[in-house]
Structures are given as structure tokens and as C-alpha cells.
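Chemist: Got a predicted structure here, sequence first:
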Amino acid sequence: MDGMHRTPIAPLDVEIDGVGKYVPASSVDELTALLTCLEWPDKSPREFHRALVSSFDALDHVVEPQVAREAFVDAAHATGMHVLPDDMAEIRKAG
């Protein structure tokens with residue numbers, strides 16, 4: 001992504017490639033890449049489509065980057081993935 005404009009977000013790590021295997025993201029660009037990658041487990045839920053649209057809207061400066069991040073977290077949760085640091089309290093409680 002060198003030389004490209006990046007739209008920053010509060011950093012997160014998503015458990016996308018199996019239990020305990022986290023991938024970091026710190027920009028809307030990276031959220032969009034994760035949503036469109038082959039590893040994303042299920043692209044049919046409404047939350048996935050909302051996250052994808054929100055990501056594109058954030059890249060176009062139609063919505064704030066935080067909106068795209070929140071939609072991404074919802075989409076990840078809809079497929080059973082954990083997102084750090086958002087899910088830390090839940091993970092600690094289960095541990």
C-alpha cells in the first residue's frame with residue numbers, strides 16, 4: 001500500500017484464519033481487503049454486506065471510518081470470529 005491513501009481506524013485483530021490466528025487491520029483499506037479475501041468464512045449474512053458497503057463509503061468519505069470499523073466487527077461476529085481488543089472482556093470471562 002505504499003504511496004496509497006490510507007483511511008485509519010482504531011487498530012484491531014480479527015480471528016480470520018482459524019482459532020487463535022489473528023490478522024491485524026489499522027485502516028479501512030485493510031478492512032475492505034479482509035472482507036473481500038478468500039478466507040472470509042461466509043459472505044452471505046446481511047452484516048457482511050453492510051460492512052462492505054460501509055467500508056466503501058468510508059473510503060469515499062461518505063461515512064466516518066469508525067462506522068466501517070463497527071460494521072466490520074458486526075460482520076466478524078456474525079460469522080463467529082473474535083475481534084481484539086473489542087472481545088477481550090468476553091474472552092477473559094470464558095477463559
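Modeler: Noted; the coordinates are in hand.
Chemist: Checking the most centrally placed residue in the chain next. Helix, strand or coil?
Modeler: Centroid-nearest residue in the chain: Phe72, 3.8 Å away (criterion: CA atoms, centre = their mean). In terms of secondary structure, Phe72 is helix; the call rests on DSSP: H, G, I helix; E, B strand; the rest coil.
Chemist: got it, and Asp86?
Modeler: coil.
Chemist: ok, the helix or strand harbouring Ile9: who's next to it in the sheet?
Modeler: Using DSSP states H and E, Ile9 sits within strand 8-14. Strand pairing for strand 8-14, using DSSP bridges, gives strand 23-27 (antiparallel), strand 83-84 (antiparallel).
Chemist: could you dump those to TSV with mean pLDDT?
Modeler: What follows is the strands paired with strand 8-14, written out as TSV (pLDDT from 0 to 100):
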stretch	mean pLDDT
strand 23-27	97
strand 83-84	97
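Chemist: and Leu34, which of these is closest to it?
Modeler: Leu34 lies closest to strand 23-27 among these, at 6.1 Å (CB to CB). Every C-beta, even on glycine, is put in place using the N, C-alpha and C of the backbone.
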